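Engineer: Need coordinates for the following:
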Amino acid sequence: HPDLFGEGIDLHRNKSSFNEIINRIKNKRTNYLDRAIKEGKIIFIESNPNVSFVVDAYYHAFENVKVIHVTRNPEDYLQSAYSKSPDGSGNFFFMGKNDHRDRLKPNDFNEDNVIKNNDLKQFELILWHWLKSNELVYSFGKKNPKSYLRLKYEMIFSQDQHEQKNAIKKIFDFFEIDPV
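Structural biologist: Next comes the predicted model:
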């Protein structure tokens, strides 16, 4: 699947090698990147929450990778996660018993072995997912500060135009783009 969900599963749960994950990411993005280059694009942007679980491999898969880490208030994230119905039925599945994807859970990470998946309610798993994905990307940023920018979701989508413009300016500066 092109969304890199499987690569996160294989890296953390199935313990695939880091180099194997790098190669799979390259293979899954080659067509997109080739098309972008042919169209004269100089920046490829991937907006994909699944990258958080393979961010280090993604960084090593390509040259000049820059990561914008958009963080969101956990309460707002939880509310947003509960408001989505992937099949349109009004039923919510994300991190629940009927989730159509076997998502990463605490037991997939050695340091989380104190937590048992079966002991957690759906909302606790959602918040664990929020925490773990943010932890992995933040850790990447600490190791690669020149390739990392952290912005708050609430700042980007603020009703305050000054705050919103400031966020957009930070993005342009990070990519060294003149916003003219």
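
Engineer: List the buried residues for the helix or strand containing residue 60?
Structural biologist: For residue 60, the element it lies in under DSSP states H and E is helix 55-61. Of the residues in helix 55-61, those buried by neighbour count under the rule 16 or more other C-beta atoms under 10 Å are 55, 56, 57, 58, 59, 60, 61. The way it works is simple: take the backbone N, C-alpha and C, and place the C-beta from them, glycine included.

Engineer: helices or strands up against the worst-scoring helix or strand of the chain on mean pLDDT?
Structural biologist: Comparing helices and strands within the chain by mean pLDDT, DSSP states H and E singles out helix 74-82 as the least confident, with a mean of 89. With contacts defined as 3 or more C-beta pairs under 8 Å, 6 or more residues apart in numbering; DSSP states H and E, the packing partners of helix 74-82 are helix 122-143.

Engineer: if you average pLDDT over the helix it packs on, what comes out?
Structural biologist: The pLDDT scores in helix 122-143 average 95.

Engineer: Give the buried residues for the helix or strand following it.
Structural biologist: Sequence order places strand 148-152 as the next helix or strand after helix 122-143, per DSSP H and E. Of all the residues in strand 148-152, those buried under the rule 16+ other C-beta under 10 Å are 148, 149, 151.

Engineer: same question, stretch 6-21
Structural biologist: In stretch 6-21, the ones that count as buried by 16+ other C-beta under 10 Å are 6, 7, 8, 9, 10, 11, 12, 16, 21.

Engineer: tell me what whatever helix or strand comes next after the helix holding residue 60 is packed against?
Structural biologist: Moving toward the C-terminus from helix 55-61, the next helix or strand (DSSP H and E) is strand 67-71. Based on contacts counted as 3+ C-beta pairs under 8 Å, 6+ apart, the elements that strand 67-71 packs against are helix 122-143, strand 148-152, helix 153-156.

Engineer: What pLDDT is listed against residue 2?
Structural biologist: At residue 2, the model reports a pLDDT of 80.

Engineer: pretty sure it contacts residue 28?
Structural biologist: Yes: counting by C-beta atoms under 8 Å, residue 2 does reach residue 28; the two are 5.4 Å apart.

Engineer: out of these two, which sits in the more crowded spot?
Structural biologist: More neighbours surround residue 28 than the other of residue 2 and residue 28, with 16 against 11 (other C-beta atoms under 10 Å).

Engineer: re the thing from before, quick one: mean pLDDT over the helix holding residue 60.
Structural biologist: Helix 55-61 comes out with an average pLDDT of 98.

Engineer: With stretch 171-180 instead?
Structural biologist: The predicted confidence, averaged over stretch 171-180, sits at 90.

Engineer: Could you tell me which residues within that stretch count as buried?
Structural biologist: Neighbour counts over stretch 171-180 (16+ other C-beta under 10 Å) mark residue 174 as buried.
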